[in-house]
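>>> Have a look; sequence and predicted model below, questions after that.
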Amino acid sequence: MTPNVHYDHRELEDERLELSKGGIYWLGPNITLRRCTLVIGVEGRWLTLMSGRLIDCTIEAKREFNDARWTTMGLKGCRFKGRFSGNEFGYREEYQDPWKLGGMEDCDFSEARLDLCRFHSCDMETIHLPKWPSFTIVDPIKYGPELLSVPWPGDFTPVILQGPLKELPSTSALTFYAPAEAKRSGATLEEFKAAVERFDFIMR
């Protein structure tokens with residue numbers, strides 16, 4: 001029988017939480033972690049992020065952690081390590097969040113690999129982003145027309161401004177991992193590097 005593990009209605013300090021493969025985990029509601037280490041060994045579908053606050057924590061993905069919404073969690077001073085794909089961070093007004101605790105500030109992704117990740121309603125100047133071969137498009141809605149006015153390698157589209165998949169108004173930044181994008185788009189890493197170097201607002 002698959003164990004269900006709930007971390008809720010408590011405050012933990014200086015603890016190490018191991019979310020090991022084979023379990024289903026719930027973080028929140030009403031959880032506060034201070035100076036804790038959260039080791040994630042499961043896929044995104046096996047961890048439900050309900051609501052809570054993580055302060056000065058280390059969050060380490062032991063395997064690729066995909067398609068998770070951290071937008072119900074308040075993250076401050078946290079350090080991320082490992083591979084994160086399709087994750088969303090910050091605060092989404094449009095997302096159903098009765099606790100409205102979501103947000104992010106002073107967090108460090110310099111030791112993480114981010115791909116297809118979004119930041120919502122964040123002051124990106126407080127976020128330490130991963131360096132090349134990751135790259136981050138800051139304020140993609142503002143700069144979208146400029147980005148779409150020039151050709152990109154392969155079939156890569158840097159931002160979607162129209163239709164049902166268009167970016168939300170809250171989108172502060174988009175982060176990609178260039179080797180993965182090159183493979184998906186049928187282009188080379190060198191072509192991507194040359195493309196992103198055309199824009200000062202793309203962090204790399």
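Alright, I've got the coordinates.

>>> which stretches of this protein aren't confidently modelled?
Within the chain, the stretches with pLDDT under 70 are 1-2, 94-100.

>>> quick check: domain ranges of it?
1-111, 131-203 (the TED database).

>>> now those in TSV, with mean neighbour count and distance to residue 117?
For the C-beta atoms, the positions are set from N, CA and C on the backbone; glycine is no exception. Shown next, in TSV, are those (neighbours: other CB atoms under 10 Å; distance: least, CB to CB, whole Å):
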stretch	mean neighbour count	distance to residue 117
domain 1-111	17	5
domain 131-203	16	5
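
>>> Which of those domains sits closest to residue 118?
Residue 118 lies closest, by CB to CB, to one member of the domains of the chain: domain 1-111, at 4.8 Å.

>>> Surely residue 190 is within a helix?
Yes. Counting by DSSP: H, G, I helix; E, B strand; the rest coil, residue 190 is located in a helix.

>>> That one and residue 58: what is the separation?
Distance of residue 190 to residue 58, given as CB to CB, to the nearest Å: 34 Å.

>>> can you check residue 77 too?
10 Å.

>>> Kindly report the same for residue 112.
11 Å.

>>> what do those two both touch?
residue 81 (CB atoms under 8 Å, 6 or more residues apart in numbering).

>>> and residue 19, what is it in contact with?
Going by CB under 8 Å, 6+ apart, residue 19 touches 5, 25, 38, 39, 40, 41, 42, 46, 47.

>>> CA-only coordinates of the helix or strand hosting the third one in CSV, if you can.
Just to be clear, that refers to residue 38. Here residue 38, judged by DSSP states H and E, is contained in strand 37-40. Output of strand 37-40 as CSV, limited to C-alpha atoms (Å, rounded to 0.1, in the frame of the first residue of the first chain):
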residue,chain,number,x,y,z
THR,A,37,16.4,20.7,3.9
LEU,A,38,13.7,19.3,1.6
VAL,A,39,15.0,16.4,-0.5
ILE,A,40,12.6,15.5,-3.3
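
>>> Check which helices and strands it sits against.
strand 16-19, strand 58-61 (3 or more CB pairs under 8 Å, 6 or more residues apart in numbering; DSSP states H and E).

>>> How far does the helix or strand just after the first one sit from its chain's centre?
Helices and strands here follow DSSP H and E; after strand 16-19, the next one along the chain is strand 24-27. Offset of strand 24-27 from its chain centre (CA atoms, centre = their mean, to the nearest Å): 18 Å.

>>> The next helix-or-strand element following strand 24-27 pairs with which strands, and in what direction?
Using DSSP H and E, the helix or strand that follows strand 24-27 towards the C-terminus is strand 31-34. With DSSP bridges as the test, strand 31-34 is paired with strand 10-13 (parallel), strand 52-55 (parallel).

>>> which outside residues touch strand 31-34?
With CB under 8 Å, 6+ apart, strand 31-34 has contacts from 7-15, 17, 50-57.

>>> Which parts of this protein are helices?
Secondary structure of the chain (DSSP state H): helices at 140-148, 178-185, 189-196.
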